[in-house]
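*Asks:* Whatever this is, show me its structure:
(one chain, ligands or ions: 1)
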Amino acid sequence: MSRASLVHEFRPSLRLRSGEQLAAFALTEPHAGSDAANVQTLAERTDDGSAYVLNGEKRYITNAAIAQVLTVMARTDRGVTAFLVTPDMPGFSVTEARMSKLGIRGTATGRLAFHNMRVPAENVLGSPGEGLKLALTVLDFGRTTFGACCTGAAKTCLRLAVAHATTREQFGRTLSDFELIKKKIAGMAADTYAMEAMTTVTASLIDRGLEDYMIETAMLKVYTTEALWTIVNDTFQIHGGAAYFTDLPLERMLRDARINQIGEGANEVLTSFIALAGMRGPGVQLRDLWHALHHPLADLGTVWRFGVERVSAAVRAPDVPVRDPRLSPYAQRVGKLIRRLNIEVSRVLIHHRESVLDRQYVQQCIAGAAVELFVCACVLSRVDAELAATGNPKGGDMRVVELCLRRSLRRVRRWLAKLHDNDDLLVTAAADAALGE
Ligand SMILES: Cc1cc2nc3c(=O)[nH]c(=O)nc-3n(C[C@H](O)[C@H](O)[C@H](O)COP(=O)(O)OP(=O)(O)OC[C@H]3O[C@@H](n4cnc5c(N)ncnc54)[C@H](O)[C@@H]3O)c2cc1C
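*Replies:* Have a look, this model is predicted:
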């Protein structure tokens, strides 16, 4: 089943859409957190094939105790499978309705247990064994909403920071007069513009019904959640001691923002995913090349095709089209850095081959450069459209946009340089020392 048809098939019922009913998504277990494939909840088919019997437990489940319908992931003999479960099913129990937690206290996060819970076979979502594929589809949407929520919170922070910095006086000047405060405010404005651009572009990929946008949603999630954490921290700092007291919303914003880097794919896991999924295409090409080099006469075409593709990727910078001439220099720099990333990816794959799967320092550099290039592409796309429509960047200023682009371009160069100039071996050695190994 294609991803587009999966999306269509699982559109929520009207009562869920109207808010009359609440849903929950139960994947996480004590032994299945980031490693979602390690689901231990077991679903055994009854002899007559009419139902499944579920046994297991779930934790950290939002709406666990108040949802009228839950999507529960359980292991069948065909692999992880999604089941539609209702709390009235015998064997369903809420073991903790509302776990005490740091932030986002407006949601109830709980634990569940299933003891010989009979679920009719027609309650299987999709086909048996398709659960993780379905989970990834759900997480794709979730990560896009992270982008939107983080952008909204970032706008609030920027507004609060500007209001405070322009009114609070110390040393006979407003805080906004000091360069170290200006730097924070400018960074927040640039990041907020980028976050909105990335959210809009990523959401448009989903709206246009594209088959695959997993890398883009992962890049959006990592960038916006890390940026918001910095933005909240900077807003907090600008407010000084006042931020620490509960009459201002900042201590709550700080607590609420912390889950974003962990939930729906911890940022470390997504960083690896971005690098490895992004390098899959060139990796497959290289694997074919290894094969062809060992059978050169039988597979001369592969050797030739690979040679032509890699050589042209190394020589030509891709064209990044923009309409406004003010953006052309930036677009050209983006094209050149895409070319450099392309070369580095080939080098990494040739050097590390299969062991690249374990080289997370390298993955971080590749993913970091890719994310910043995505930022540039989204910002250029957004500002180019806004300049064409009104002559001005909407909700921003050309100086803010330029700062956004220049920072991201510099970060791409830094990530790529780090592939060659780093302390990776020493970092591992120091970690081993600290770990007592
Ligand atoms: C408030 C809240 C609400 C939640 N709601 C839901 C929900 O509705 N449904 C649901 O199913 N789950 C939910 N979760 C669970 C959430 O998705 C998990 O907490 C998350 O996937 C991480 O799993 P874990 O907590 O087991 O951490 P672990 O998997 O133990 O990871 C801990 C840390 O280790 C690091 N790490 C892990 N793997 C790697 C790796 N491969 N490489 C490098 N570093 C790594 C990361 O830094 C990670 O943060 C919720 C959690 C919270 C806190």
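*Asks:* C-alpha from now on. contacts and neighbour counts both.
*Replies:* Noted.
*Asks:* List phi and psi for the closest residue to the ligand within the stretch 101-250 of the chain.
*Replies:* Using CA to the nearest ligand atom, the closest approach of the stretch 101-250 of the chain to the ligand is made by Thr109 at 5.8 Å. Per-residue torsions, Thr109: phi -110, psi 130 (degrees, to the nearest 10).
*Asks:* average pLDDT across stretch 388-407?
*Replies:* Averaging the model's pLDDT scores along stretch 388-407 yields 92.
*Asks:* if we can go back for a sec, okay, and the beta partners of the residue of the stretch 101-250 of the chain closest to the ligand?
*Replies:* Thr62 (DSSP bridges).
*Asks:* give me the element Asn55 is part of.
*Replies:* Following DSSP states H and E, one finds Asn55 within strand 51-62.
*Asks:* Tell me the helices and strands packed up against that strand.
*Replies:* On a contact count with 3 or more CA pairs under 8 Å, 6 or more residues apart in numbering; DSSP states H and E, strand 51-62 meets strand 23-26, strand 42-45, strand 109-120.
*Asks:* give me that answer again for 6 Å
*Replies:* Contacts defined by 3 or more CA pairs under 6 Å, 6 or more residues apart in numbering; DSSP states H and E place strand 51-62 against strand 42-45, strand 109-120.
*Asks:* Return the set of buried residues in the helix or strand that it is followed by.
*Replies:* Counting by DSSP H and E, the next helix or strand C-terminal to strand 51-62 is strand 69-76. Neighbour counts using 16 or more other CA atoms under 10 Å place 69-76 of strand 69-76 among the buried residues.
*Asks:* Output the residues you listed as TSV; include the columns distance to the ligand and pLDDT.
*Replies:* Below are the buried residues of strand 69-76 laid out as TSV (distance: CA to the nearest ligand atom, whole Å; pLDDT from 0 to 100):
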residue	distance to the ligand	pLDDT
Val69	13	95
Leu70	10	97
Thr71	9	96
Val72	9	98
Met73	9	97
Ala74	12	98
Arg75	14	97
Thr76	18	97
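*Asks:* Mind jotting down where the strands sit in the stretch 151-300 of the chain?
*Replies:* In the stretch 151-300 of the chain, the strands defined using DSSP state E, counting those that start in this stretch lie at 169-170, 173-174.
*Asks:* Look at Met398 and say how many residues are nearby.
*Replies:* Met398 is flanked by 14 other residues according to other CA atoms under 10 Å.
*Asks:* what's the burial count for the closest residue to it other than its chain neighbours?
*Replies:* Leaving aside its chain neighbours, Met398 sits nearest to Asn392 (7.4 Å; criterion: CA to CA, 6 or more residues apart in numbering). Counted with other CA under 10 Å, residues neighbouring Asn392 total 15.
*Asks:* domains of the protein?
*Replies:* 3-128, 133-265, 278-434 (automatic domain parsing).
*Asks:* what about Lys184, how many neighbours?
*Replies:* 20.
*Asks:* For it, which non-adjacent residue is spatially closest?
*Replies:* Asp234 is the one closest to Lys184 (CA to CA, 6+ apart), at 6.4 Å.
*Asks:* any chance of the helices and strands packed on strand 51-62 in a markdown table, plus mean neighbour count?
*Replies:* Output for the helices and strands packed on strand 51-62, formatted as a markdown table (neighbours: other CA atoms under 10 Å):
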| stretch | mean neighbour count |
| --- | --- |
| strand 42-45 | 21 |
| strand 109-120 | 20 |
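*Asks:* Export those strands as CSV, with columns for mean pLDDT and distance to Arg399.
*Replies:* Formatted as CSV, the helices and strands packed on strand 51-62 follow (pLDDT from 0 to 100; distance: least, CA to CA, whole Å):
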stretch, mean pLDDT, distance to Arg399
strand 42-45, 98, 56
strand 109-120, 98, 43
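*Asks:* is it fair to say Ser381 lies in a helix?
*Replies:* Yes. Ser381 forms part of a helix when assessed by DSSP: H, G, I helix; E, B strand; the rest coil.
*Asks:* okay, now the residue nearest to Glu372 when sequence neighbours are not counted: neighbour count?
*Replies:* Among residues not flanking Glu372 along the chain, Ser408 sits closest, at 5.2 Å (CA to CA, 6+ apart). Ser408 has 23 neighbouring residues, counting by other CA under 10 Å.
*Asks:* Next, Ser408: secondary structure please.
*Replies:* Ser408 ends up helix, using three-state DSSP.
*Asks:* top helix in the chain by residue count?
*Replies:* If you go by DSSP state H, the chain has its longest helix at helix 131-167.
*Asks:* Buried residues of that helix, list them for me.
*Replies:* Of the residues in helix 131-167, 131-135, 137, 139-151, 153-158, 160-162, 164-165 count as buried by neighbour count, 16+ other CA under 10 Å.
*Asks:* Repeat that for stretch 92-102.
*Replies:* Buried, per 16+ other CA under 10 Å, within stretch 92-102: 92-98.
*Asks:* re earlier: relative to strand 69-76, how tilted is the longest helix of the chain?
*Replies:* With axes from the mean of the first three to the mean of the last three CA atoms, to 10 degrees defining the directions, helix 131-167 sits at 130 degrees from strand 69-76.
*Asks:* Distance to Gln40 added to the buried residues of strand 69-76, as TSV?
*Replies:* Listed next are those as TSV, based on distance: CA to CA, whole Å:
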residue	distance to Gln40
Val69	21
Leu70	17
Thr71	15
Val72	12
Met73	9
Ala74	7
Arg75	7
Thr76	10
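*Asks:* circling back to that earlier point, out of the helices and strands packed on strand 51-62, nearest to Arg326?
*Replies:* Closest approach to Arg326 among the helices and strands packed on strand 51-62 (CA to CA): strand 109-120, 48.9 Å.
*Asks:* mind pulling up the phi and psi values for the residue nearest to Met398?
*Replies:* Dihedral angles phi and psi of Asn392 (degrees, to the nearest 10) take the values phi -140, psi 150.
*Asks:* that older thread, now, the most widely separated pair of the buried residues of strand 69-76?
*Replies:* Val69 and Thr76 (20.5 Å).
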